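**Student:** Predicted model and sequence follow; I will ask about them next.
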Amino acid sequence: MRRLWGRLGLRARITGLYAAGGLLLSLAIALSTLTLARQNLVDDREEQAFAVMTRNAERVWGRLGPDTAIDEVEQIFGSLTITDRSAPLVRIGAEWRASDPLEFNEDLVPVSLRNRVEAGRAAQIRVELDGDPTILYGVPLPNLDADYYEAVDTADVEAALRSLGIIVLGVSAVATLFSAALGSWASRRALTPLAEVRIAAESLAAGELDTRLDPPADTDLASLTASFNGMARSLEDRIERDARFASEVSHELRSPLMTLNASVEVLNNSRASMDERSQTALDLLTDDVARFTVLVEDLLEISRYDVGTARLHSEAIDLVEFVRQTVQHSPYEVSLRPPSMDHLVIVGDKRRLAQVVSNLIDNAAKYGAGTTEVIVEPVDGGAQVAVEDEGPGVPVAERDIIFDRFSRGSAGGRRGQGTGSGLGLALIAEHVGLHGGTIWVEDRLDEAAGARFVVQLPIGDLDALDDDESEWS
Amino acid sequence: MGTRILTVEDDERIRTSVRLALEDEGWTVEEAASGEDALNAFTAQAADVVLIDIMLPGIDGFDVCRSIRRVSDVPIVMVTARADTHDVVAGLEAGADDYLTKPFAPKELSARIRALLRRARSTDPATPHMVFGDLEIIPEEGVVRLAGDEVHLTKTEFRLLVELATNPGRVLSREVLLERVWGYGYFGDGRLVDVHVRRLRTKIEPDAANPRYVVTVRGLGYKLQS
């Protein structure tokens, strides 16, 4: 039970507590109402019945003489206050007379009552007659060998109490439902700020580091908001510090890299005069300086996304010609599937898009094994560049992480390295994202073995390009 | 005497290694460690090409570039930290003809220098004298006149104007201009063209904001209106 309770949501629990509280409270009120009402009703009824009975008994006593015949009692009955819920019975000597013998006669008088009355004491007793609760009164008539009995049926009181009970219980049920509704509403009200916190946290997690909560109107929530905003601020600071650090480090590395590149070139100018060992060492040095240079450049570029300073330098690009040129400039053997159109103009950053396409081609050539084909196609609201290879493809499980930084695909070669820096695919994914496009990897559409990397780009707003190309400045 | 290159770079190690690499290419290299040194050296003996690192202590690269530009139309190559910053545009606006980002391969620098020198020296002498309204271009003399007054253009600006003028009314894309004026391929930086067109306009247009001669054809390129 406790485990079940724990599994319920906070809102369900609050609603349940409200309902239980409402039920308890209304039941308590209902029970006390009923008890009080019963007491009052019964007391009133008994008081009234007793008064009537007393008057009737006095009247009978007044009319009876020492030698009144039992038959005369019938006439006396006519002068009594009799309702359809009361029935008198008179004993004179050994004879009995009832006004309504079917309802109440001497046989229905319990012996205990009779004994007490005949012993000269007035008494009353509660019995059930014909299934109805009834009060039987018995009064000895002084100085006569006679008694007066009266049966008063109190079924009407019980019926009234029952009706009252039903009403009160109905009200309790309504009150319980109302409490539950109130609880549901109140919990929703109370949890609304939590929903805002949830949305803000999701936005933070999605990388919107400047997400903050508005100061609440409710002072009770101010501390929550303040600590959330404080957390977001320190998170943002922390991430920016890290990003700035990466940016500064790669920036600082440019100067020694410049010296390395120039010096390696000088050494290579006299490579022919070196012995074989020195040549091998120089080749290793040359390759790794080149790799290191790419890594630092990629790191610097990707850190600009982290710091948030990456900006597009947009211009109109004929994607068909653009991809044709990229393919021509590629050092690898790449075929361009003849595009179905002559021009497909989009707005984009040429330098970045060139990096995207050439990186995918390099990647396919290095890890895709075999011929690489590039396809340019218009798609709904945009354009698509797909790079297909004949390699082993990318396992489904790695299709997302392949775009992570320094990810190392297991199968399909070490694709994630892209340019060899380990940042290639991550960087071009950022480039595509900055254009408002998407990049993914899938199986080849012709179901042959191999990977198909797809970049989808929006057309962009050609009219928004400034006449004088002043977006450069 | 070989072609003299003045390199302005505050980092001694870079200066030395670049000098070695450029000397291997057959250039004569003169070094300057600061903006002040650079201006003094240039005043003492003008170089054929100047290579300026933008980040210099004291007088920065932009100022050095502007100061040299005031007295000379020598080809200037800027070295910037990154390609996608405002530095590139600012450097070009300060008068640089081309730029490279650090770290670059000295062979690439040599290729740029050769392209600039080729431009600086040769304009097809067969190109006839051209007139567009008040604008007069005399390619064989390297002279441009606006309403009779000589306009002083750098070699690159002049070459750009001549490219546009020899195809009057025809739209030339940035790629075509990059190739013909700078010797870059398709992936050259279009900003070179844009900033040089802007610089050109301030010199030859009566109203640079509403150009009459060199007009932009949106999304396609530029043309010279006859």
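**Tutor:** Received it, and whenever you're ready, just let me know what you need.
**Student:** Might you enumerate the residues of chain B proximal to chain A?
**Tutor:** Contact residues, chain B versus chain A (Cβ under 8 Å from any Cβ of the partner chain): B:11, B:13-14, B:17-18, B:20-21, B:24, B:81-84, B:86, B:89, B:93, B:102-107, B:174, B:185-187, B:189-191, B:194-195, B:198, B:216, B:218-220. Where you see a C-beta, it was placed from the backbone N, CA and C, and this is true even at glycine.
**Student:** ok, of the residues you listed, which come out buried?
**Tutor:** With neighbours counted using 16 or more other Cβ atoms under 10 Å in any protein chain shown, the residues of chain B next to chain A contain these buried positions: B:11, B:14, B:17-18, B:20-21, B:24, B:81-84, B:89, B:93, B:102-107, B:174, B:186-187, B:189-191, B:194-195, B:198, B:216, B:219.
**Student:** how about the most centrally placed residue in chain B, phi and psi?
**Tutor:** The centroid of chain B falls nearest to residue B:97 when counting by Cα atoms, centre = their mean (1.8 Å). Residue B:97 adopts backbone torsions of phi -90, psi -30, taken as degrees, to the nearest 10.
**Student:** Against chain A, how distant is it?
**Tutor:** Residue B:97 is 17 Å from chain A, where distance means Cβ to the nearest Cβ, to the nearest Å.
**Student:** show me what contacts that residue?
**Tutor:** By Cβ atoms under 8 Å, 6 or more residues apart in numbering or on different chains, the residues touching residue B:97 are B:75-77, B:116, B:154-156.
**Student:** any idea which of these is closest to residue A:321?
**Tutor:** Nearest to residue A:321, judged by Cβ to Cβ, of the contacts of residue B:97 is residue B:156 at 25.4 Å.
**Student:** which one is that closest one nearest to, not counting chain neighbours?
**Tutor:** residue B:97 (4.5 Å; Cβ to Cβ, 6 or more residues apart in numbering or on different chains).
**Student:** So residue A:384 sits against residue A:357, correct?
**Tutor:** No. Counting by Cβ atoms under 8 Å, residue A:357 is not a contact partner of residue A:384; they are 11.9 Å apart.
**Student:** Give me the common contacts of these two.
**Tutor:** residue A:455.
**Student:** and these two? which has more neighbours close in?
**Tutor:** residue A:357 (25 against 18; other Cβ atoms under 10 Å in any protein chain shown).
**Student:** Quick check: the gap between the closest residue in space to the more buried one that isn't next to it in sequence and residue B:131.
**Tutor:** Using Cβ to Cβ, 6+ apart and skipping the chain neighbours, the partner closest in space to residue A:357 is residue A:326 (4.5 Å). Relative to residue B:131, residue A:326 is positioned 41 Å away (Cβ to Cβ, to the nearest Å).
**Student:** Settle it for me: which of these two has more neighbours?
**Tutor:** Of the pair residue A:326 and residue B:131, residue A:326 is the one with more neighbours under other Cβ under 10 Å, namely 23 against 12.
**Student:** So which residues make contact with the host helix or strand of the more buried one?
**Tutor:** Per DSSP states H and E: residue A:326 is located in helix A:319-329. Outside helix A:319-329, the residues that touch it by Cβ under 8 Å, 6+ apart are A:334-336, A:339, A:341-346, A:350, A:353-354, A:357-358, A:361, A:374, A:376, A:383, A:385, A:457, B:185-187.
**Student:** Now do the SS call for residue A:441.
**Tutor:** What DSSP: H, G, I helix; E, B strand; the rest coil gives for residue A:441 is strand.
**Student:** Could you verify my assumption that it touches residue A:450?
**Tutor:** No. Look at residue A:441 against residue A:450 with Cβ under 8 Å: they stay out of range, at 10.7 Å.
**Student:** For the nearest residue in space to residue B:163 that is not next to it in sequence, grab the count of nearby residues.
**Tutor:** For residue B:163, ignoring the flanking residues on the chain, the nearest one in space by Cβ to Cβ, 6+ apart is residue B:180 at 5.2 Å. The number of residues packed near residue B:180 is 18, by other Cβ under 10 Å.
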